[in-house]
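**Student:** Give me the fold of what follows.
(2 chains)
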Amino acid sequence: MKKSSIIGIIIIAIAIGVIISTYADSSTYGNFSQAKETQSELHVVGHLDKGKEMIYNPKQDANYFAFYMTDDKGTECKVIFNGTKPQDFEKSEQIVLTGQMKGDEFHASKILMKCPSKYNKDQVEVKASPTT
Amino acid sequence: MDIQFAGEHLLPGKLGQFFVILSFGTALLAAISYYFFTIKDKSDNSWQTIARVSTWLNSISVIGIGASLFYIIYNHLFEYHYAWAHSSKALPVYYIVSCFWEGQEGSFWLWTFWQAVLANILIWKAKSWEGPVLTIVMISQAMLASMLIGVEILGTRVGSSPFILLRNALEAPIFSRPDYLTLIQDGNGLNPLLQNYWMVIHPPTLFLGFASMIVPFAYAIAGLWQRKYNEWLKPAMPYTLFAVMVLGTGIIMGSFWAYEALNFGGFWAWDPVENASIIPWLTLIAAVHVLIVYKNSGHSFFTAIFLVLISFVLVLYASFLTRSGVLGETSVHAFTDLGMYWHLVVDVALFAAIAIFFLVKRWKELPISKKDEETFSREFWMFIGALVLTVACVQIIATTSIPVFNAIFKTKVAPPSNPVEHYNKWQVPFAIVIALLSGFTQFLKYKNTDVKKVLKSLTVSIVISLLVAALFVWITKIANVILVLLIITSLFAVVSNGKVLVDSLKGKWKLAGSAVAHIGFGLILLGALIAAATNKVITVNSNGSIPVAGFEKDNKPGENLMLYQDSTVKINRYSVTYLSDTTVGPNTFYKVNYKAVDDKTGKVKEDFNLYPNAQQNPKMGLVASPDTKHYLTYDIYTHVSSVPVITENTDEHSHESHSDDENYLDPLTKQVNIGDTVRYREGFILVKAVNRNAKIQNIPIANGDLAVSMTLEVHTKNKVFTTEPVYLLKSGNEFDFGKTIEEAGLKLRFTHILPEKNKLELMVYQKKPAEKKWIVMKAIMFPYINLFWGGTIIMVIGFLLSIFRRIRENKITTVKAS
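**Tutor:** This next block holds a predicted model:
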């Protein structure tokens, strides 16, 4: 057998190992009730509960931001984020959290928010219109 | 239905759309005629003439598209969706260029523009390869042009035209008004993050890189098609190196932009969009190495051609990933779908099919070597290096493609929750192997090498790199074994290639280019590793915060720090003070002073100001850009993460009592007489006199009316002000005319006369103390990041030297052949 063929086989084996490991590292999308049952980090998709308060008081602690989010299943949970409040958080349409449950609170390590950006929500802003 | 809309400029759009259609038609015609030119008898030049003319026409129409689009954006013709969505009137002219490629259509245009330029170069230079190579290039050009058509064919819209009118792109009631344009005053503006000089040059460079990858692909196909399995290599080589060089530069420019203008705190985040561009780059680098192996030893033909072919298919795959919307919520940077999902899939599939078709058709004829390579030959280890690069690529593709697999298999797998850790875990070991190979393979010879001799000449390099590595480890305090190994091997790559470079100066000039490129590569690895592994958030919240119960314990301390104006906070060895802010246009710059003082002597060692800025964009929220102090061995990187929201200024000149009173604290009401003293928070007021015959401008004083003024002396902050509020009793009604002293932040009203007590009522209004200004900021120290940028420049120089070498070799062989 040629040496390069042997190496080829080894390389393919490593490649397969790599792909399997990718899935070992991959996370899952879930909801708050699933987060309660697991110890590992997961992604939770939901939206901000705009009726409830959002706590960010940089004068007290610049790295504490808390809010309430409702997940896809309609469960609501308090979320705590160790960082600053993203500006315009109120306007977010959808939030993807990465983190895990600690007691009754979800501790997020990453917040990704989808805003009604100009790319996907083409709302014409009419400035001088007499009707508005 | 037909409304006559007022004020629209339809000509530039119609012209632009005409050029779009023309560019598609001419590209298609050129591809077809080049095909017939290739398969027909060479004595007949008519196909070639048609092909060339249509290629030239294609270039002209591509320029026409660009010119029309530029005209529309430059003249703020907001009746066009593209201008409305991506520009605004306030934008400086040089950023209008960036508006061009903020949208997908503009970046497609950029791609097709570069491809047109390359097509012209190929007509000029490709000689006997012109037919087959340009057939492939023009097929790609036609595919790109089809992305811009934006015309409905059989009920589905094909492509997305940049010349679509706003009223056709959107549905809104105002578009039923003939004068709707008068209501649209301004466009949406350019994303503030793209308002950066790097964004003017990074996309053109990146797309030149992407575009030039068609050339090696086209040569490889041409080689298979024409059965010239060996000959295509030489002319393709300079283009391949050029593509690698330009794409690499483009990627690192993007990373520099991210570092300078974005606030994610780093130069590489393993974002899917970044990955999408680095994947084809890595495979093409692997391809370059295997091409050289094949050229010098006759081994590994299939691997070489496969890597060249897959690289371009991966470029198209990258454009599918970033433009189809398939990445969804896994990336914040990707474009959203413009309805071209399947169009992009077809693009990838078409070129993959072309590649597979020719490989299968010529499979039996391929010059696949049956011999075994020598273990101690240069070709063998170059081949291994290329394979390791490919496997590294497979890892990146696998993770980046999770959303694609989700789309295919209808699964819901989320990407790793800590992507940086995930990628580094794999990529660092791969980098170690590659650095090692790129150091030691340079000493090997093709065919076979005397191992002892090699080891001898390597000893010096090994010793030097171990010593330097020890120094680096000692300074940076990196203790992780894997990372230490990477430091050693990347230094080894630098040192041993340094030796090759020195030798090349003594006459073996051929290797100079590759030596320089590998030195650059080693430095990139070293710089990236050290900066990424040892960068340190220095604004760690150790004091000044009230810990929230149960929260700080199991989390890392916060990385953001609150700074009040003028109060100093100790960060690392710096005393940091937020001094002031200035608003220039839409941006607010926060002046932050860093001062380092020697503890013993009290001498100021460092003193500099940084101006991180933030734009409170009404459409995009807070967009913060960092400012960085660059030292030779480290950077201090600072950005604001939260600032007080700037509220729309209320009219400052409204002194109507009602709205005005909101600016004051609850008033003090005092009953006074002449000679009395009224104390308030910031001073005292003396009642000096009372004037019973006060006059009020414009108000006649009739009999029975009473106008009285009170002369007051205000003492505050070592200053004295005199003022006279007036009390008026007119027709039995009480009025008063208060006086404000802006400088003292006071308003004084003389509101009543109390005859029974022989007192006068004085109301003292004090301005609310101005809210103390604050910012929340984050500062990161990046050590040795200049190795990363410097390594890039060195690598590019190395590629340039190699390109010149290959071009020169080609010339020499053509001279010999003729």
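**Student:** CA atoms for contacts and neighbours, from now on please.
**Tutor:** Fine.
**Student:** quick one: buried residues of stretch B:732-742?
**Tutor:** If you call a residue buried by 16 or more other C-alpha atoms under 10 Å in any protein chain shown, then stretch B:732-742 has these buried ones: B:D736, B:F737, B:G738, B:T740.
**Student:** tell me which of those residues is nearest to chain A?
**Tutor:** Taking C-alpha to the nearest C-alpha as the measure, chain A lies nearest B:T740 of those, at 32.3 Å.
**Student:** Bridged to the closest one, which residues?
**Tutor:** Beta-bridge partners for B:T740, by DSSP bridges, are B:K747.
**Student:** Tell me where the model's unsure across the stretch 651-800 of chain B.
**Tutor:** Across the stretch 651-800 of chain B, the ranges flagged by pLDDT under 70 are B:651-663, B:769-771.
**Student:** Name the nearest residue to the closest residue to chain A within it, ignoring sequence neighbours.
**Tutor:** Closest to chain A within the stretch 651-800 of chain B is B:V776: 6.6 Å, counting by C-alpha to the nearest C-alpha. Nearest non-adjacent residue to B:V776, counting by C-alpha to C-alpha, 6 or more residues apart in numbering or on different chains: B:M562, 4.3 Å away.
**Student:** what pLDDT does that neighbour get?
**Tutor:** On pLDDT, B:M562 comes in at 84.
**Student:** ditto for B:F358
**Tutor:** On pLDDT, B:F358 comes in at 97.
**Student:** Name the spans of chain A whose pLDDT lies under the cut-off.
**Tutor:** Along chain A, segments meeting pLDDT under 70 span A:1, A:87-88, A:114-132.
**Student:** circling back: did I read that right, the residue nearest to B:V776 in a strand?
**Tutor:** Yes. Assignment of B:M562 by DSSP: H, G, I helix; E, B strand; the rest coil places it within a strand.
**Student:** Report the contact partners of it.
**Tutor:** When contacts are counted by C-alpha atoms under 8 Å, 6 or more residues apart in numbering or on different chains, B:M562 touches A:P58, A:K59, A:D61, A:A62, B:W774, B:I775, B:V776, B:M777.
**Student:** ok so, going back, the residue of the stretch 651-800 of chain B closest to chain A: neighbour count?
**Tutor:** A count of nearby residues for B:V776, using other C-alpha atoms under 10 Å in any protein chain shown, gives 23.
**Student:** from the contacts of B:M562, which ones fall inside helices?
**Tutor:** Taking DSSP state H, every one of the contacts of B:M562 sits outside helices.
**Student:** Most neighbours among those residues, which one?
**Tutor:** Within these, neighbour counts (other C-alpha under 10 Å) peak at A:A62, which reaches 28 neighbours.
**Student:** these two touch, right, that residue and A:F81?
**Tutor:** No. The criterion here is C-alpha atoms under 8 Å, and A:A62 misses it with A:F81 at 10.9 Å.
**Student:** Quick check: the closest residue to chain B within chain A vs B:F430, distance?
**Tutor:** As assessed by C-alpha to the nearest C-alpha, chain B sits closest to A:S26 within chain A, at 4.1 Å. For A:S26, the distance to B:F430 equals 20 Å [C-alpha to C-alpha, to the nearest Å].
**Student:** Endpoints of stretch B:614-628, how far apart?
**Tutor:** Using C-alpha to C-alpha, the end-to-end distance of stretch B:614-628 comes to 14 Å.
**Student:** ugh, wrong one, I meant stretch B:677-697
**Tutor:** Terminal residues of stretch B:677-697 lie 29 Å apart, using C-alpha to C-alpha.
**Student:** surely A:D25 meets B:P416?
**Tutor:** Yes. The criterion here is C-alpha under 8 Å, and A:D25 meets it with B:P416 at 5.5 Å.
**Student:** okay, and the common contacts of these two?
**Tutor:** Counting by C-alpha under 8 Å, 6+ apart, the residues touching both A:D25 and B:P416 are B:H422.
**Student:** neighbour-wise, which of those two wins?
**Tutor:** Using other C-alpha under 10 Å as the criterion, A:D25 and B:P416 rank with B:P416 on top: 23 against 17.
**Student:** Now do the contacts for the more buried one.
**Tutor:** With contact set as C-alpha under 8 Å, 6+ apart, B:P416 has these partners: A:T22, A:D25, A:S26, A:S27, B:H422.
**Student:** Next up, the contacts around the first one.
**Tutor:** Contacts were defined as C-alpha under 8 Å, 6+ apart; by that measure A:T22 touches B:Q395, B:A398, B:T399, B:P416.
**Student:** what do you get if the cut-off is 10 Å, keeping everything else the same?
**Tutor:** A:I16, B:Q395, B:I396, B:A398, B:T399, B:T400, B:I402, B:P415, B:P416, B:H422, B:Y423, B:W426 (C-alpha atoms under 10 Å, 6 or more residues apart in numbering or on different chains).
**Student:** picking up where we left off before, quickly list what's touching both of A:A62 and A:F81.
**Tutor:** Joint contacts of A:A62 and A:F81 (C-alpha under 10 Å, 6+ apart) are A:Y56, B:G558.
**Student:** helix/strand/coil for the residue in chain B positioned nearest to chain A?
**Tutor:** Closest approach between chain B and chain A, counting by C-alpha to the nearest C-alpha: B:P416, at 4.1 Å. Here B:P416 takes the coil state, with states given by three-state DSSP.
**Student:** now the closest residue to B:G298 other than its chain neighbours, what's its secondary structure?
**Tutor:** Using C-alpha to C-alpha, 6+ apart and skipping residues adjacent in sequence, the residue nearest B:G298 is B:S369, 6.8 Å away. Classification of B:S369 using three-state DSSP returns coil.
**Student:** what about B:T539, helix or strand, and which?
**Tutor:** Counting by DSSP states H and E, no helix or strand carries B:T539.
**Student:** So it sits against B:S575, correct?
**Tutor:** No. Assessed by C-alpha atoms under 10 Å, B:T539 is found out of contact with B:S575, at 11.3 Å.
**Student:** what about those two, which has more around it?
**Tutor:** Using other C-alpha under 10 Å as the criterion, B:T539 and B:S575 rank with B:T539 on top: 23 against 16.
**Student:** on that earlier part again, any shared contact partners between B:T539 and B:S575?
**Tutor:** Listed as contacting both B:T539 and B:S575 by C-alpha under 10 Å, 6+ apart are B:V569.
**Student:** domains for chain B, by residue range?
**Tutor:** B:1-195, B:200-373, B:661-694+B:702-766 (automatic domain parsing).
**Student:** number of nearby residues for the closest residue to A:Y56 other than its chain neighbours?
**Tutor:** Leaving out its chain neighbours, the residue that sits closest to A:Y56 by C-alpha to C-alpha, 6+ apart is A:F65, at 4.8 Å. The number of residues packed near A:F65 is 19, by other C-alpha under 10 Å.
**Student:** got the contact list for A:F65?
**Tutor:** By C-alpha under 10 Å, 6+ apart, the neighbours of A:F65 are A:54-58, A:79-86.
**Student:** Just the ones of those in strands?
**Tutor:** The strands, defined by DSSP state E, take in A:I55, A:Y56, A:V79, A:I80, A:F81 from the contacts of A:F65.
**Student:** Give the bridge partners for the last one, please.
**Tutor:** On DSSP bridges, the residues paired with A:F81 through beta bridges are A:F65, A:A108.
**Student:** buried stuff in the longest helix belonging to chain A?
**Tutor:** Assignment by DSSP H gives helix A:3-25 as the longest helix of chain A. By 16+ other C-alpha under 10 Å, the buried positions in helix A:3-25 come out as A:S4, A:I11, A:I14, A:A15, A:V18, A:I19, A:S21, A:T22, A:Y23, A:D25.
**Student:** Many thanks, I have nothing further to ask.
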